[in-house]
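# Show me how the following folds:
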Amino acid sequence: MHNFKAYLKEIHEAEKKYLVDGKRSIASGNIVTLSKMSFAATVLALLSIILSLILVPGYKPAVAHIVAVPLMAAFTVATALYRYKGRAVPRVVTIFALVFEITAFLFVLLVDIYSGMDRVCFMPIVITAFASGTFFSSKTTNILNLSYTAIFIFCDMMHKVDMDASLWKYDVFIAILGFAFATFVGERCRTLRIQEYNVKMNYKYLSQRDPLLENIFNKRGYEDAIDNYLITNNPNIRCAFIVLDLNNFKHINDNYGHDMGDQILRCMSDTLVSLFRDSDIIGRFGGDEFIVLADGLCDEDAVEKKCRYIAELIGRKAQETGAIKVFSSLGAVICDNQKVDFERLFEEADKAMYEAKEMGRDADRFILRHYSESDD
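This is a model prediction of the structure:
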């Protein structure tokens, strides 16, 4: 029993983390699923009318059948346009999903209960498709499925109570069976999707980490992270971008060995990680060259104080390893509520760092600039 509770807790925690960390992935997956589901619903509704007209003598399409085709087609177009527009906003996609599910359910309700086709029951198939297709939290999914089932049973009993009792009893049985199956399928699909996301994120994490300094990004990792940051925050970027380089690092490798050089690099990365927040972006783009993007840090005095402390702390920790005193050159660029291009930002900070280095490598040097937007 204890192991089962621990298992349920583990599943709950994994889902909770996924709902936060993977909300954009969830939105992207849901909009793709909605586009496909609405297209499939359009085709199925159209085929059901055509085949019924051909195969069933005297068949007349119900209003629900006729209206369903253009409405589902409209959903197909709307979701496709939104999908190819670019970013999927989680809240917007959730509204899309809820409107689609409720609309589709209402049409199924009309067809199953009020179309005159007494032995037809599409509801279990539809709620199973909902549970396995669109992703909501397990709580939301179960509430939706339970609501669909309860409404279906209530309407079915009210409409067929004066008919043959076997009709509504059959529908109730099928509805409950469908709810149980949809719940099982939904939980299984949800678990698989979370596992797939975790594997993907673990692989991405490993591929974006520096092979020597695993607590910071490699070049690919920090470029992706900064691109996402700029996409999310442009045109109102407020940050400090710092490029840091160790002076005479080759001299240390040549005279003290590469093991000593690696120890100093670890000192540099550990120092940067300790001085900045988890939300800031820290990476290594060369042998002894590092970058930091500090979100929200745009006060000139605070940036200068931070950079000087970085250089001082790296020098002190490096000396504790047994190496000679080391000095750093830093170039920093402040962005204060601006639209930022990463290549231009990096170029300005890198140029400032090299200017600092040219001032002399026998001491910590630092140059600070403000980001200048292009004239384009």
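# ranges for the helices of this protein?
Taking DSSP state H as the test, the helices found in the chain are 2-21, 23-55, 63-85, 90-114, 123-133, 138-160, 165-207, 219-233, 249-256, 258-275, 300-320, 342-358.
# Just want the angle from the last one to helix 219-233.
Read it as helix 342-358. Interaxial angle, helix 342-358 versus helix 219-233 (axes from the mean of the first three to the mean of the last three CA atoms, to 10 degrees): 120 degrees.
# Contacts for helix 342-358, please.
Helix 342-358 is contacted from outside by 223, 226-227, 230, 241-245, 247, 291, 329-333, 335, 365-369, 371-372, 374, using CB atoms under 8 Å, 6 or more residues apart in numbering. All C-beta spots, glycine's among them, are computed from the backbone N, C-alpha and C.
# just the helices of the chain: most buried one?
helix 123-133 (a mean of 22; mean count of other CB atoms under 10 Å).
# quick revisit: select from the helices of the chain the stretch with the lowest mean pLDDT.
Among the helices of the chain, helix 249-256 carries the lowest mean pLDDT, at a mean of 71.
# residue contacts, L98?
So L98 contacts nothing (CB under 8 Å, 6+ apart).
# how close does it sit to T33?
Distance, L98 to T33, by CB to CB, to the nearest Å: 13 Å.
# Kindly report the same for M158.
When M158 is compared with T33 (using CB to CB), they lie 33 Å apart.
# Skipping adjacent residues, who's closest to L19 in space?
Distance criterion CB to CB, 6 or more residues apart in numbering; nearest residue to L19, sequence neighbours excluded, is S137 at 5.9 Å.
# and that neighbour, how many neighbours does it have?
Close neighbours of S137, defined as other CB atoms under 10 Å, add up to 15.
# how deep is the residue lying closest to L293 once chain neighbours are set aside tucked in, by neighbour count?
Sequence neighbours aside, I281 is the residue nearest to L293 in space, at 4.2 Å (criterion: CB to CB, 6+ apart). Using other CB under 10 Å, I281 is surrounded by 22 other residues.
# Find me the pLDDT at I281, would you?
Looking at I281, its pLDDT reads 87.
# Quick check, it in contact with E223.
No: using CB atoms under 8 Å, I281 is not in contact with E223; the gap is 9.8 Å.
# Would you confirm that the residue nearest to L19 contacts E15?
Yes: counting by CB under 8 Å, E15 is a contact partner of S137 at 6.7 Å.
# Quick one: residues contacting P57.
By CB under 8 Å, 6+ apart, no residues touch P57.
# distance of it from I66?
19 Å.
# What of I102?
From I102 to I66 the distance is 20 Å (CB to CB).
# Show me how the record splits the chain into domains.
2-206, 219-370 (automatic domain parsing).
# Please state the offset of the longest one from the chain centre?
Once both centres are worked out by CA atoms, centre = their mean, to the nearest Å, domain 2-206 turns out to sit 22 Å from its chain's centre.
# do the shortest one as well
Centre-to-centre, domain 219-370 and its host chain are 28 Å apart (CA atoms, centre = their mean).
# so I11 touches T191, yeah?
Yes: look at I11 against T191 with CB under 8 Å: they come within range, at 6.9 Å.
# separation between the nearest residue to P124 once chain neighbours are set aside and L330?
Spatial nearest neighbour of P124, chain neighbours left out: G178 (2.3 Å); criterion: CB to CB, 6+ apart. Distance from G178 to L330, counting by CB to CB: 64 Å.
# same question, S25
When S25 is compared with L330 (using CB to CB), they lie 36 Å apart.
# May I have the residues that are in contact with V340?
230, 234, 237, 371, 373 are the contacts of V340 under CB under 8 Å, 6+ apart.
# Quick one: buried ones out of these?
230, 237, 371 (16 or more other CB atoms under 10 Å).
# Please tabulate the residues you listed in JSON lines, including the columns distance to T128.
Output for the buried ones among the contacts of V340, formatted as JSON lines (distance: CB to CB, whole Å):
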{"residue": "L230", "distance to T128": "41"}
{"residue": "I237", "distance to T128": "46"}
{"residue": "Y371", "distance to T128": "53"}
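# what's the closest of these to A45?
L230 (43.5 Å; CB to CB).
# so what's that closest one up against?
Taking CB under 8 Å, 6+ apart, one finds 237, 340, 342 in contact with L230.
# if we go to 6 Å?
By CB atoms under 6 Å, 6 or more residues apart in numbering, the residues touching L230 are V340.
# next one: the one 10 residues further on
Remark: with contacts taken as CB under 6 Å, 6+ apart, A240 is in contact with 294, 297, 303, 332, 334.
# what pairs with it across the strands?
In this structure, A240 bridges to A294, I334 when assessed by DSSP bridges.
# Kindly provide the distance from it to T94.
Separation of A240 from T94 (CB to CB): 35 Å.
# E15 now?
For E15, the distance to T94 - CB to CB - is 16 Å.
# swap in F135?
From F135 to T94 the distance is 10 Å (CB to CB).
# ditto for W168
Taking CB to CB, one finds W168 at 34 Å from T94.
# Ok, Y371 next?
36 Å.
# neighbours around the nearest residue to P235 once chain neighbours are set aside, how many?
In space, and not counting its chain neighbours, P235 is closest to K339: 3.5 Å by CB to CB, 6+ apart. Other residues lying near K339 total 14 when counted by other CB under 10 Å.
# For N234, see how far away K339 is.
Distance, K339 to N234, by CB to CB: 5 Å.
# Of the contacts of helix 342-358, which belong to strands?
The strands, defined by DSSP state E, take in 241-245, 291, 329-333, 335, 365-369 from the contacts of helix 342-358.
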